[in-house]
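Trainee: I would like the atomic coordinates for the input below:
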Amino acid sequence: MDWIYRELSGVMLADQQKVIDEDIIAINSLPNAPLIPVTARDVYIRRCKLAGDAMDAGFGRFRTEDLPLLLDMVQGAPALIGHRKDTLGVARFFGGDIHRGESSEISYIVPKFYWMRVHSASEDLKVNIDGGIYNEASLGFTFRQPTCAICNEDIRRCEHIPGKKYDGILCFFYYDEIIKVTEGSLVYRGAQPGTGFMLSHPNMQPPETSNYKRFKWDGVWYRGVPEKLVNV
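Mentor: The predicted structure follows:
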């Protein structure tokens, strides 16, 4: 088995190659860091367009200049399923950057998130994210003031109504004085347009492994070159 591990390391660790040293350092440096430091072999990592500066379904909007603050606040936050706060997280956010959409003027916070490979539901989560079954996301957060985009007053006290037009201008409000990011969720439909998931790092594609056989090593499933496995 040691020989197989060495011979097939390039194939076996195809997904782990997308886990770079900086990722592992960032995960192990999070607040309330893992009790046992993780390694590249322990985790799956993906990226998430979690929230942006476009108007959402409730006519609220983040200011573009607040996106770095949001990204900072999401560090270490849990990833939930459908904002279900009566359950524990399935993954955890870390790192990331600000991303401008290629076909739009919307900017997004794009944190990474990781989950443990040996969890009983780990492969299900990976398959559904990579296969596009889970394909949108949503941010849970708290803030102090909804500022009207028309009169710049607290929209709870002004005469304007979100979603209504005034002299041809659609009324919306800004999420101002953001207090905290509570969680990010995998959802069936996100309130903001364009949210979703990506591979661990930009421009990195997994190798073609459709003709490789699957086998289990140390509790983790891998794919190996068939001819190398014939004599196992």
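
Trainee: what pairs with the longest strand along the chain, parallel or antiparallel?
Mentor: When the chain is parsed with DSSP state E, its longest strand is strand 173-187. Strands that pair with strand 173-187, judged by DSSP bridges, come out as strand 60-61 (parallel), strand 78-81 (parallel), strand 136-148 (antiparallel).

Trainee: would you mind giving the ones you listed as CSV with mean neighbour count added?
Mentor: Glycine gets a C-beta too; all of them are placed from N, C-alpha and C. Converted to CSV, the strands paired with strand 173-187 look like this (neighbours: other Cβ atoms under 10 Å):
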stretch, mean neighbour count
strand 60-61, 18
strand 78-81, 20
strand 136-148, 19
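
Trainee: M116 versus F94, what's the distance?
Mentor: 14 Å (Cβ to Cβ, to the nearest Å).

Trainee: those two: which is more packed in?
Mentor: Neighbour comparison, F94 and M116: the larger count goes to F94, with 20 against 16 (by other Cβ atoms under 10 Å).

Trainee: give me the residue at the spatial middle of this protein.
Mentor: For the chain, the residue nearest the mean C-alpha position is C48 (2.8 Å; Cα atoms, centre = their mean).

Trainee: got the angle for the helix or strand where that one lies vs strand 173-187?
Mentor: Assigned by DSSP states H and E, C48 falls within strand 43-49. Strand 43-49 and strand 173-187 meet at an angle of 150 degrees, taking axes from the mean of the first three to the mean of the last three Cα atoms, to 10 degrees as the criterion.

Trainee: packing partners of strand 43-49?
Mentor: helix 21-28, strand 91-100, strand 107-116, helix 122-130, strand 196-198 (3 or more Cβ pairs under 8 Å, 6 or more residues apart in numbering; DSSP states H and E).

Trainee: list the strands paired with it, with their directions.
Mentor: strand 107-116 (antiparallel), strand 196-198 (antiparallel).

Trainee: who wins for proximity to D154 among these?
Mentor: strand 107-116 (25.1 Å; Cβ to Cβ).

Trainee: distance to A26 and mean pLDDT for the strands paired with strand 173-187 - can I get that in CSV?
Mentor: As requested, the strands paired with strand 173-187 are exported to CSV (distance: least, Cβ to Cβ, whole Å; pLDDT from 0 to 100):
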stretch, distance to A26, mean pLDDT
strand 60-61, 29, 97
strand 78-81, 15, 96
strand 136-148, 20, 97
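
Trainee: now tabulate these in a markdown table and tack on distance to S107.
Mentor: Shown next, in a markdown table, are the strands paired with strand 173-187 (distance: least, Cβ to Cβ, whole Å):
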| stretch | distance to S107 |
| --- | --- |
| strand 60-61 | 12 |
| strand 78-81 | 21 |
| strand 136-148 | 14 |
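
Trainee: alright, that wraps it up for me.
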